[in-house]
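Asker: Would you be able to build a 3D model of this:
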Amino acid sequence: PSFDDPVTNVTAIAGDTVTLPCSVKNLKDYKVMWLDHRTKTLTLEARRIIADERITIERPDIGDWNLYIHGVELSDAGKYMCQVNTVPVKIKYVILTVHEPPEIIPELSSKEEVFVRESDTVQLVCNVTGVPTPTVRWYKKSTNRRPYGYNDKEMIGHDGMVLRIRNISRYCDDVYQCVADNGVNLPKSREIKVTVQFPPEIHLPTKKLSQAVGKETILNCEVTSNPSMYSAWTRDGITIQNSDKFKIDIYEDYKNTMTLSMKISDIQKPDFGVYRCEAQNEFGRDFKDFFLYELVTTTPSPSTPSAVTTTTPVHVYVFTWTPSVRTYTPRREYHSKDRPPLATKKKPKG
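Answerer: Residues are numbered from 1 along each chain as shown. Got it, this is the predicted structure:
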């Protein structure tokens, strides 16, 4: 007897049915048996020897003695032997490799939402299994400061089951994703939302404002905090509530930031003074003061017409004397009206 190939490599995915081929020529009266990677006899001719019902012999052709393993497991991987009881024994080796798709173990991984205080170090874990060992990559899905429904994913850190973020800031508050891939079936992923907590910070776009009696005005205060627990406009230590005089609206500007807008109607003299915007959570407190002044308008007095100054012009007379000799440049003499011109002597004839 002889085999078609002395060695065959077979790769299967855990859970599938795998075929280990063995084709014998000129078998005659000899018998075929299968042994597993532990040298345990599995079959003799077409009969199963062991109790494992996953094992069967399939013979699509007269010379085929193929071993089928249904629902193959990782533990089934190894070197199998198809033997013919000749002397010496003839053996064909079939090397079975079993792959397993990646899986993420939730119980050994970080929770789906992690809370951390600003400036601390956070450690995110994705514990995975699979054969071959999966590669784990980390991504940050930047949902902040983006249009609604838009996700921008960027790869961060190094490959591995653990991602460490040191000295974390509020700008790291986002959704993180680990993706495990080993080339078997589709990759597996898990998202972890990281929430960074920090004390309140208050910003006043304008700290001072003047307004006239009887008018209305609006005071704005921006509060940034996480979590947002308490924020209000106060005066003299008393929280201002909505009334006919005051109306407070809250606007969500962007993540972790809101604006407290307070409208003051029909301002009277007692309404001028200091207003305080304050906020507090479990990590701290902040406040800023706003100064509202009275706008006093004054009417200017009529202006006195200025005196008109009259200037008397000064006349200048110009006299020209042309000498008889033409080789000289004419000389001009200038005299004022208050000084008569000098008399000119006539040159005697001769």
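Asker: So which bits of whichever strand or helix holds W233 are buried?
Answerer: Per DSSP states H and E, W233 falls inside strand 230-235. Neighbour-count burial for strand 230-235, counted by 16 or more other Cβ atoms under 10 Å, picks out 231-233. Yep, even glycine has a C-beta here, placed from its N, CA and C like the rest.
Asker: closest to L209 among these?
Answerer: W233 (13.8 Å; Cβ to Cβ).
Asker: from memory that closest one sits against T259, does it?
Answerer: No. If you go by Cβ atoms under 8 Å, W233 and T259 don't touch, sitting 11.7 Å apart.
Asker: Tell me the residues that contact both of these two, please.
Answerer: C221 (Cβ atoms under 8 Å, 6 or more residues apart in numbering).
Asker: Just the mean pLDDT for stretch 277-284, thanks.
Answerer: Summarised as a single mean, pLDDT over stretch 277-284 is 96.
Asker: hang on, I meant stretch 239-256
Answerer: 94.
Asker: buried stuff in it?
Answerer: Quick answer for stretch 239-256 (16+ other Cβ under 10 Å): 240, 246, 248, 256.
Asker: Likewise for stretch 270-288?
Answerer: Neighbour-count burial for stretch 270-288 [16+ other Cβ under 10 Å]: 271-272, 275-281, 286, 288.
Asker: on that earlier part again, tell me the one of the buried residues of stretch 239-256 nearest D152?
Answerer: Taking Cβ to Cβ as the measure, D152 lies nearest N256 of these, at 18.9 Å.
Asker: hang on, isn't that closest one packed against S225?
Answerer: Yes. Assessed by Cβ under 8 Å, N256 is found in contact with S225 at 6.6 Å.
Asker: so where's the stretch 51-200 of the chain uncertain?
Answerer: Scanning the stretch 51-200 of the chain for pLDDT under 70 picks out 143-151.
Asker: Helices of that one, residue ranges please.
Answerer: With DSSP state H, counting those that start in this stretch as the criterion, the stretch 51-200 of the chain has no helices.
Asker: Low-confidence stretches in the stretch 251-350 of the chain?
Answerer: Using pLDDT under 70, the stretch 251-350 of the chain drops low at 299-350.
Asker: picking that back up, can you add secondary structure and distance to N185 and give the buried residues of stretch 270-288 back as JSON lines?
Answerer: Output for those, formatted as JSON lines (DSSP: H, G, I helix; E, B strand; the rest coil; distance: Cβ to Cβ, whole Å):
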{"residue": "D271", "secondary structure": "helix", "distance to N185": "70"}
{"residue": "F272", "secondary structure": "coil", "distance to N185": "72"}
{"residue": "Y275", "secondary structure": "strand", "distance to N185": "63"}
{"residue": "R276", "secondary structure": "strand", "distance to N185": "61"}
{"residue": "C277", "secondary structure": "strand", "distance to N185": "56"}
{"residue": "E278", "secondary structure": "strand", "distance to N185": "56"}
{"residue": "A279", "secondary structure": "strand", "distance to N185": "50"}
{"residue": "Q280", "secondary structure": "strand", "distance to N185": "51"}
{"residue": "N281", "secondary structure": "strand", "distance to N185": "46"}
{"residue": "D286", "secondary structure": "strand", "distance to N185": "52"}
{"residue": "K288", "secondary structure": "strand", "distance to N185": "57"}
